[in-house]
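**Q** whatever this is, show me its structure:
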Amino acid sequence: MAQWLPEKSATHEKATVMQKILCVMMSLLILAVLSTQLWGAEKKAGLQDVISALEKGYASLQDVQADFAQKTVISGVNREQRGSGELLLKKPASATAMFRFNYLKPKQQIVSNGKQVWFYLPENKQVIVSSVTAMFKGGNSIALNYLTGLGHVSRDFNASFAQEPLDKNGNYQLELLPKNPSAVLAKLQLTVSAAAVESFQRDGSVQGIFPVLASVIHDAGGNQTRIEYSRVRVNKGLANSRFSFKIPEGVEVIKP
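**A** Numbers count the residues shown, from 1 in each chain. Prediction:
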């Protein structure tokens, strides 16, 4: 038996060395993971950085084209209304923004050339025509400003991070309470692009990025409308003609 003792001893020694190496490797791995997490936490932006990135992103917009999906939850009746389509937005240098919502479901269009607004309901063979000034009255102004990328968070809202400051993709979630709440806007929640915030932190500007990935508007009645944006194209030079509307023949014109 004595002749096997050295072999067992050598095997035991090798096992002990391997265990030590494994422990060292595990320790290094844990340190690397912790360092990565700590670095990520240090890189997380503060509230003011997120607000500044949002406002800088709006300021740099000239035009936007994006797909959208919309869901409205009607309070008290447990009912949802869903819509989807395409959004076009253009901000002239010295005029009110022009916008177009082409709803594929339900089929309808909301078009503005910055002066006039057309709300076309093809199934009803009706188009409602009003001025932009009329639309922006009655507490609609802040809500419309955010749908058309003209908002000023610092001026219009008391801002804070949402209960969950980051979504599953690392984008920032804000909760905004209007300083002058209205029937159409009691609270606004925004998901702000992490890429926009990183761009702002890097060089103080946000170029070529639409900063809002999703928005939720809460009205005074408890209803919620969520809009999510996808396939966003920024500053591609949209023509003004995209924001004009020709009333089809045989359609009733309503002027409230």
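
**Q** can you report how many residues neighbour Lys246?
**A** Neighbourhood size, Lys246 [other C-beta atoms under 10 Å]: 7. Bear in mind the C-beta positions are built from the backbone N, C-alpha and C, glycine included.

**Q** distance of it from Leu87?
**A** In this structure, Lys246 and Leu87 are 20 Å apart, going by C-beta to C-beta, to the nearest Å.

**Q** go on, Phe243?
**A** On the measure of C-beta to C-beta, Phe243 and Leu87 end up 12 Å apart.

**Q** equivalent analysis for Asn171, please.
**A** Distance of Asn171 to Leu87, computed by C-beta to C-beta: 19 Å.

**Q** same question for Ala214.
**A** 13 Å.

**Q** who has more neighbours, those two?
**A** Leu87 (22 against 18).

**Q** OK, contacts around the more buried one?
**A** 64-68, 99-102, 229 (C-beta atoms under 8 Å, 6 or more residues apart in numbering).

**Q** find residues that contact each of Ala214 and Leu87.
**A** Tyr229.

**Q** in the helix or strand hosting Gln201, which residues are buried?
**A** Using DSSP states H and E, the element containing Gln201 is helix 194-203. For helix 194-203, burial by neighbour count (16 or more other C-beta atoms under 10 Å) applies to 194-200.

**Q** again, but for stretch 113-129
**A** Neighbour-count burial for stretch 113-129 flags 113-114, 117-121, 127-128 (criterion: 16+ other C-beta under 10 Å).

**Q** just send those back as CSV, with pLDDT and distance to Lys255 too.
**A** What follows is these, written out as CSV (pLDDT from 0 to 100; distance: C-beta to C-beta, whole Å):
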residue, pLDDT, distance to Lys255
Asn113, 92, 16
Gly114, 88, 18
Val117, 92, 11
Trp118, 95, 11
Phe119, 94, 11
Tyr120, 96, 14
Leu121, 95, 15
Val127, 96, 10
Ile128, 94, 8
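
**Q** can you count the residues close to Pro190?
**A** To be clear, residue 190 is Leu; Pro isn't right here. 26.

**Q** what sits against it?
**A** Here Leu190 is in contact with 54, 146, 173-174, 176, 212, 214-216 (C-beta under 8 Å, 6+ apart).

**Q** tell me what whichever strand or helix holds Ala69 is packed against?
**A** Counting by DSSP H and E, the element that carries Ala69 is strand 63-74. Applying 3 or more C-beta pairs under 8 Å, 6 or more residues apart in numbering; DSSP states H and E, we find strand 63-74 packed against strand 79-90, strand 224-234.

**Q** give me the residues contacting it.
**A** If you take C-beta under 8 Å, 6+ apart as the criterion, strand 63-74 is touched by 79-91, 101, 149, 210, 223-238.
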